[in-house]
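*Asks:* model this:
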Amino acid sequence: MPREIRDVVFVDGVRTPFGKAKGQYAETRADDLVIKCIRELLRRNPELPPERVDEVAIAATTQIGDQGLTIGRTAALLAGLPNTTPGYAIDRMCAGAMTAVTTTAAGIAFGAYDVVVAGGVEHMGRHPMGEGVDPNPRIVSEKLVDTSALVMGSTAENLHDRFPAITKQRADAFAVASQEKAAKAYANDLIQPDLVAIATRSAEQGWGYAGTDEPMRPGTTAEDLAGLKTPFRPHGRVTAGNSAGINDGATACVLASAEAAAELGLTPKMKLVSYGFAGVEPEVMGVGPVPATEKALKLAGLTIDDIEAFEVNEAFAVQVLAFLEHYGIADDDPRVNPYGGAIAYGHPLASSGVRLMNQLAKQFEQRPEVRYGLTTMCVGLGMGGTVIWENPNWEGNVA
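*Replies:* Sure thing, here's the model as predicted:
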């Protein structure tokens, strides 16, 4: 029998504070980070009985060690969900959590699930990207891609080549603004409500407390960034200051059908409209959000002019600027990353998609005049992902 496609809503999302590699989570397990997120979602949403969670999808880019072993299932068990709750692992590099959301959302829309938990984790300090992998030599020997495609910083330099108007000065200015906006968001208590504090352990220093994002550098100036080294190319444009760092952290969210949310008394923060993933030349993977956004807009029957709130992952400043340049959006447009982005908070690869969604949900809460927003990110090996959301608080919905 034909099935009716159901509406999918984003109920709630949380994340750990993000840490620097070898920083506050140096001796904390990756799976414990995401387990704490799942537990916090259940604590924050007592209307949701644990047995009503139909699936747990958790992403990790480097599925090894304490972020391997089908982490969606093991994290579900260790978080206290019933042993009847299945789970699985996902890998789409940086878009892991985003893919966990879209994949399970498709299951909800189809009717296979009513309620799911989706998220991601990355402990880059313990598991550097690419640990243990064995790339097929044909990739290089048959020149399927340029060798720079395997080094994300080099792809960012290539993007600067592709868009020569995006100078290092523009990238540095965007990075400074990200730090300023993040500091202001913290000062206004806009980020902290969705953070899950973590008890950390050090063999030398004993117990500690991770309650804030470790990578942030408030007070950063353009002068501070101007003299930084360009590790991916002599006299290049990509630096540690205008890029996201190497970070640790986890995220998780609750998605549900609109009917299940109403039945359980759960208040949606966003409604899913459409999503799209696209491939691009791996050598310029940072341009991936553009075709992904085109796909998502077409599916939604919208144009970029309908989007009034943007959360664009700041893997590299040049990648965000290339997206904005394509759509004729100013570098300092207040609709874009108003609370700062990954350059300030960090980018623990597979976890970042839900951070973007948390911040878009906050934009929706703060701005009831906004109807549509999007979360988008570039993805390693030449991809992009975009999800378009509708604001349930939109004032046009008020009778």
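
*Asks:* what about the helices in the stretch 51-200 of the chain?
*Replies:* 71-78, 96-110, 138-141, 152-162, 168-187 (DSSP state H, counting those that start in this stretch).

*Asks:* for the third one, what is the average pLDDT?
*Replies:* Looking at helix 138-141 alone, the average pLDDT works out to 84.

*Asks:* element containing residue 271?
*Replies:* strand 270-279 (DSSP states H and E).

*Asks:* need the helices of the stretch 51-200 of the chain in CSV with mean neighbour count and distance to residue 131, can you?
*Replies:* For the C-beta atoms, the positions are set from N, CA and C on the backbone; glycine is no exception. Rendered in CSV, the data for these read as follows (neighbours: other CB atoms under 10 Å; distance: least, CB to CB, whole Å):
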stretch, mean neighbour count, distance to residue 131
helix 71-78, 23, 15
helix 96-110, 25, 15
helix 138-141, 12, 18
helix 152-162, 22, 15
helix 168-187, 20, 27
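
*Asks:* how far off helix 96-110 does the strand holding residue 271 point, in degrees?
*Replies:* When axes from the mean of the first three to the mean of the last three CA atoms, to 10 degrees is applied, the directions of strand 270-279 and helix 96-110 differ by 120 degrees.

*Asks:* Tell me which stretches of the stretch 201-350 of the chain form strands.
*Replies:* Taking DSSP state E, counting those that start in this stretch as the criterion, the stretch 201-350 of the chain contains strands spanning 206-210, 247-257, 270-279, 307-312.

*Asks:* Considering those, which stretch scores lowest in mean pLDDT?
*Replies:* Per-segment confidence across the strands of the stretch 201-350 of the chain bottoms out at strand 206-210, which has a mean of 93 in mean pLDDT.

*Asks:* Okay, buried residues for it please.
*Replies:* Neighbour counts over strand 206-210 (16 or more other CB atoms under 10 Å) mark residue 210 as buried.

*Asks:* burial of residue 306, as a residue count?
*Replies:* For residue 306, the tally of surrounding residues (other CB atoms under 10 Å) stands at 15.

*Asks:* okay but residue 351 is in contact with residue 124, surely?
*Replies:* No - with contacts counted by CB atoms under 8 Å, residue 351 stays clear of residue 124, the gap being 10.2 Å.

*Asks:* and residue 195, how many neighbours?
*Replies:* Count around residue 195 with other CB under 10 Å applied: 18.

*Asks:* Excluding sequence neighbours, find me the nearest residue to it.
*Replies:* If the residues on either side of it in the chain are set aside, residue 195 comes closest to residue 17, at 5.4 Å by CB to CB, 6 or more residues apart in numbering.

*Asks:* can you tell me which residues contact the one you found?
*Replies:* Taking CB atoms under 8 Å, 6 or more residues apart in numbering as the criterion, residue 17 is in contact with 24, 195-198, 210-214, 249.

*Asks:* Mind giving me the packing neighbours of the strand holding residue 271?
*Replies:* Other helices and strands packing on strand 270-279, by 3 or more CB pairs under 8 Å, 6 or more residues apart in numbering; DSSP states H and E, are strand 8-15, helix 96-110, helix 289-300, helix 352-366, strand 372-379, strand 383-390.

*Asks:* Below-threshold pLDDT in the chain: ranges please.
*Replies:* When residues are selected by pLDDT under 70, those of the chain lie in 1-2, 398-399.

*Asks:* wait, residue 286 sits on residue 314?
*Replies:* No - in terms of CB under 8 Å, residue 286 does not count as a neighbour of residue 314; the distance is 10.6 Å.

*Asks:* re the thing from before, who wins for proximity to residue 335 among the helices of the stretch 51-200 of the chain?
*Replies:* When the helices of the stretch 51-200 of the chain are compared for distance to residue 335 using CB to CB, the nearest one is helix 168-187, at 12.2 Å.

*Asks:* From the contact counts, what lies against the closest one?
*Replies:* Contacting helix 168-187 under the criterion 3+ CB pairs under 8 Å, 6+ apart are the following elements: helix 222-226, helix 317-327, helix 342-345.
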